[in-house]
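> fold the following and give me the result.
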Amino acid sequence: MNDSNLDINEFKLLYKALYPSLCLFAKSYLSDLQASKDVVQEVFVKVWEKEIHFTEMNAAKSYLYTAVKNKCLDVLKSKYVRVMDSQSTIEEFEWLESDRFFYKEIIHIETSNLIEKAMNSLPYRCAQIIKLSLKNYSNQEIADSLSLSINTVKAQKKIAYKKMRPLLKEHYHFLLLVIANSTF
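Below is the predicted model:
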């Protein structure tokens with residue numbers, strides 16, 4: 001990203017890199033994937049139309065997550081204006097407006113992206129085993145579902161962790177913080 005206006009190639013790269021995460025983030029507010037996609041599309045259109053440029057990826061992420069949050073809240077406000085007589089609706093909306101919810105969702109999505117990226121670098125069998133392990137499958141359940149011996153599962157997990165460790169090393173403190181604060 002440079003200091004001049006965003007050119008079409010930079011815009012496409014930014015869109016490709018952040019669109020899926022932003023859609024998942026919007027879905028945490030709207031609970032509707034199609035509405036979430038529409039919101040993210042609208043935000044990207046505004047970025048393009050206003051010729052907003054970013055000097056770095058973190059600035060782009062920060063701006064886009066905040067813009068998507070605000071757009072989602074606008075959608076919810078227009079929706080809830082018609083049903084605001086319910087106290088539970090008001091409390092739910094206040095929770096969605098809170099910084100705590102905003103940061104919790106960003107951390108969740110960014111952590112998932114880091115782990116997914118690391119898993120995608122693994123050999124196919126290792127990645128399958130780690131994905132099942134993250135779904136709380138026991139070694140025996142993994143072995144049964146993939147028709148492997150339990151020793152193969154253990155060996156593949158060891159290989160996977162060994163390969164993922166250097167990939168996640170630079171994010172170690174961030175991941176530790178996420179795990180420690182997983183009760184947000």
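
> please make it C-alpha for all contacts and neighbour counts, starting now.
Will do.

> now do stretch 108-125, average pLDDT.
Taken as a whole, stretch 108-125 carries a mean pLDDT of 84.

> stretch 37-50 now?
Rounded mean pLDDT across stretch 37-50 is 93.

> in that stretch, what counts as buried?
For stretch 37-50, the neighbour count (16 or more other C-alpha atoms under 10 Å) marks Lys37, Val39, Val40, Gln41, Val43, Phe44, Val47, Trp48 as buried.

> hmm, the third one is touching Leu22, no?
Yes. Between Val40 and Leu22 there is a contact under C-alpha atoms under 8 Å: 6.5 Å.

> most centrally placed residue in this protein?
Ile109 (2.1 Å; C-alpha atoms, centre = their mean).

> residues near Ala127, how many?
Number of residues near Ala127 (other C-alpha atoms under 10 Å) recorded here: 19.

> residues contacting it?
Residues near Ala127 by C-alpha atoms under 8 Å, 6 or more residues apart in numbering: Met119, Asn120, Ala160.

> in helices only, show me those.
Met119, Asn120, Ala160 (DSSP state H).

> those, buried ones only, as a ChimeraX selection?
In ChimeraX, this line selects whichever of these come out buried by 16+ other C-alpha under 10 Å:
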select :119,160
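
> nearest to Leu13, of the ones in helices among the contacts of Ala127?
For the ones in helices among the contacts of Ala127, the minimum distance to Leu13 (C-alpha to C-alpha) is 19.5 Å, reached by Asn120.

> that closest one: what's it in contact with?
With C-alpha under 8 Å, 6+ apart, Asn120 has these contacts: Ala127.

> pick the one among the buried residues of stretch 37-50 closest to Phe11.
Closest approach between these and Phe11, by C-alpha to C-alpha: Trp48, at 7.7 Å.

> look at the closest one and give its secondary structure.
Under DSSP: H, G, I helix; E, B strand; the rest coil, Trp48 falls in the helix class.

> residue ranges with poor pLDDT in the chain?
1-6, 80-90, 171-184 (pLDDT under 70).

> please identify the helix or strand for Ile52.
Counting by DSSP states H and E, there is no helix or strand that carries Ile52.
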